[in-house]
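>>> Provide a 3D model corresponding to the input given below.
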Amino acid sequence: MTTAASTPVRQRGRSGPLASLASHSILVLASVIALFPVAWLVFLSLGPDKDDYLHPGRIWSKMTFDNYSFVLQHTSFFDWLKSSLIVSLGTTVLGVFVAATTGYAVSRMRFPGYRKFMWLLLITQMFPVTVLMVPMYQILADLQLIDTYLGLILVYCTTAVPYSAWLLKGYFDTIPFEIDEAGRVDGLSPFGTFARLILPLARPGLAVAAFYSFITAFGEVAFATTFMLDDKKYTLAVGLQSFVSEHDAQRNLMAATAVLVAIPVSAFFYLVQKNLVTGLTAGGTKG
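From the prediction side, this is the model:
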C-alpha cells in the first residue's frame, strides 16, 4: 500500500515567501523615502555655516549644536512657540467643538436644507487664500481683532471646521441611533446624550479632527503673516521667515528651527496616533 506524499497547503489569506519578501521590501523602501527628508534636515541643522547645504559632505567633520543654541538663546523662538501653541490649541478646541456639534446635528436631525448646509461647508473650501485675505482682514479690523490670537483662531476655524464636520458626520453615522434613544429613555437631554454617550464612542473621529485642526493652525503662514503685526506674536511658521532676507538666507538656522518646530507636532501626533487609523477608516464608511 502506497501513500501519496503530503504537500503543504497554503492557508487562504496567507501569502507565499516571495510575496511576503516583496511586500516587506516595498514597505522598507517607502519608509526610507519618507524618513530621508527628515534625516537630511537634521543633518543640515548640524552644519555651522549657512552655505553648508551646498557641500553637505563637509558637515561630517564639523558637526555642532551651535545652531540650536543660537535659535534658543538669541531669537524669539519661545515667543513664537507660545503663539503657535495658543493659536493651534485654541483652533483645535473651538474647531472640534463646533465641528462635532455640527456633524452630530446633521447626522441625527433631518431639518430642512441639512444636505445643502453640508454642501455649503464644502463650497467654502473652494476659494483660495488670496481671495479671502482682503474680506477677512476687513472683518477682523471691524471687530478689532487684528493682531490678536482670537482673530487668528477664528480664521483658522473657517478652514478646520468644514472638513472636520464632514469627517465627524460620517463617524456619527456609524454609531447606532439606538444609543440616542436609550439616552432619552434614561432622561438625558439631547445635549446630555451627545456629551455623555456619543462623544466617548466618537473618540477616534475626534482625534482625527483634532489632529487636522492642530496641523492646519500650526503650519499656516499666509494668514498669520497678514493678521499678526507684533513680531512677539508671530507663530513658528512665520518666525522661520526671519532667517531669510532679500540678499541672505541663513539656512543652517532655518534647518535647526524646523527641527525644533517638528517636536510639538510629533508630540501631539503621539498622543492621538492610537485613534487616528480607526477614526479615518470608520469616518469614511458612511456618507
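
>>> show residues contacting stretch 223-233.
For stretch 223-233, contacts defined as Cβ atoms under 8 Å, 6 or more residues apart in numbering pick out 76, 79, 83, 87, 129, 133, 136-137, 140, 146-147, 149, 151-152, 155-156, 234-235, 237-238, 241-242. From N, CA and C alone the C-beta is placed, and that goes for glycine too.

>>> do that again at 7 Å, thanks
Outside stretch 223-233, the residues that touch it by Cβ atoms under 7 Å, 6 or more residues apart in numbering are 76, 79, 83, 133, 137, 140, 146-147, 151-152, 155, 234-235, 237-238.

>>> now, which of these sits nearest T92?
Of all the contacts of stretch 223-233, T92 sits closest to L152, with 13.2 Å by Cβ to Cβ.

>>> correct me, but the closest one touches S88?
No - with contact defined as Cβ atoms under 7 Å, L152 does not count as touching S88 (10.0 Å).

>>> of the contacts of stretch 223-233, which is the most crowded?
Within the contacts of stretch 223-233, most neighbours by other Cβ atoms under 10 Å means T235, with 29 neighbours.

>>> now for the helix or strand harbouring V134, which elements pack on it?
Assessed by DSSP states H and E, V134 sits inside helix 129-142. Secondary-structure packing of helix 129-142 (3 or more Cβ pairs under 7 Å, 6 or more residues apart in numbering; DSSP states H and E): helix 222-227.

>>> so for the helix or strand following the helix it packs on, mean pLDDT?
Next in sequence after helix 222-227, counting helices and strands by DSSP H and E, comes helix 236-239. Averaging pLDDT along helix 236-239 yields 86.

>>> so what does helix 236-239 touch, helix or strand wise?
Counting by 3+ Cβ pairs under 7 Å, 6+ apart, helix 236-239 packs on helix 77-108, helix 222-227.

>>> ok, and what's touching that helix?
76, 80-81, 84, 219-221, 224-225, 228, 261.

>>> nearest to A19, of those residues?
G219 (38.4 Å).

>>> residues near that closest one, how many?
G219: 15 neighbours (other Cβ under 10 Å).

>>> and the closest residue to it other than its chain neighbours, how far is that from V244?
Leaving aside its sequence neighbours, G219 sits nearest to A237 (Cβ to Cβ, 6 or more residues apart in numbering; 5.5 Å). Per Cβ to Cβ, to the nearest Å, A237 is found 13 Å from V244.

>>> same question, T75
13 Å.

>>> tell me which of these two has more neighbours.
Neighbour count, other Cβ under 10 Å: between T75 and V244, T75 has more, with 15 against 12.

>>> centre of the chain versus the host helix or strand of A165, how much separation?
Taking DSSP H and E as the definition, A165 sits inside helix 149-173. In terms of Cα atoms, centre = their mean, to the nearest Å, the centre of helix 149-173 is found 12 Å from the chain centre.
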